[in-house]
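> 3D, please:
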Amino acid sequence: MKNTVTKQQIDELLAKSEIKVETVYDKVTVVNCKLPNGFVITEASGAVAPANYDEEIGKEICLSRIENKLWELEGYALAKKLYESEG
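This is a model prediction of the structure:
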């Protein structure tokens with residue numbers, strides 16, 4: 001069994017996921033990412049004032065955070081599989 005998570009795996013997960021982006025209160029971007037297995041990751045990013053708000057920037061920030069969470073989650077899942085296969 002391999003002992004690494006790859007960028008390709010993370011990219012494929014994101015490509016197969018359902019992404020929902022919305023603006024709330026005229027200054028906050030909320031991104032929901034529903035993974036192929038149904039697990040949902042939610043992130044938010046906001047501006048201090050609506051005049052400074054840009055949904056595209058908020059979306060990029062949230063997707064970057066979601067990608068980082070996927071690295072953690074996939075790393076944990078792999079470590080668990082490796083541990084269980086040893087025992």
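> What helix or strand is the spatially most central residue of the chain located in?
Among the residues of the chain, the one closest to the centroid is Ile66, at 2.0 Å (C-alpha atoms, centre = their mean). In this assignment (DSSP states H and E), Ile66 forms part of helix 55-86.
> gap between the residue in the chain sticking out farthest from the centre and Tyr76?
Here the chain reaches farthest from its C-alpha mean at Gly87, the gap being 31.1 Å by C-alpha atoms, centre = their mean. Distance of Gly87 to Tyr76, given as C-beta to C-beta, to the nearest Å: 17 Å. (C-beta placed from N, C-alpha, C; glycine too.)
> so is the nearest residue to Ile41 once chain neighbours are set aside in a helix, a strand, or just coil?
Closest residue to Ile41 apart from its sequence neighbours, by C-beta to C-beta, 6 or more residues apart in numbering: Cys33 at 4.7 Å. Classification of Cys33 using DSSP: H, G, I helix; E, B strand; the rest coil returns strand.
> Cys33 and Ser64 touch, don't they?
No. Assessed by C-beta atoms under 8 Å, Cys33 is found out of contact with Ser64, at 11.7 Å.
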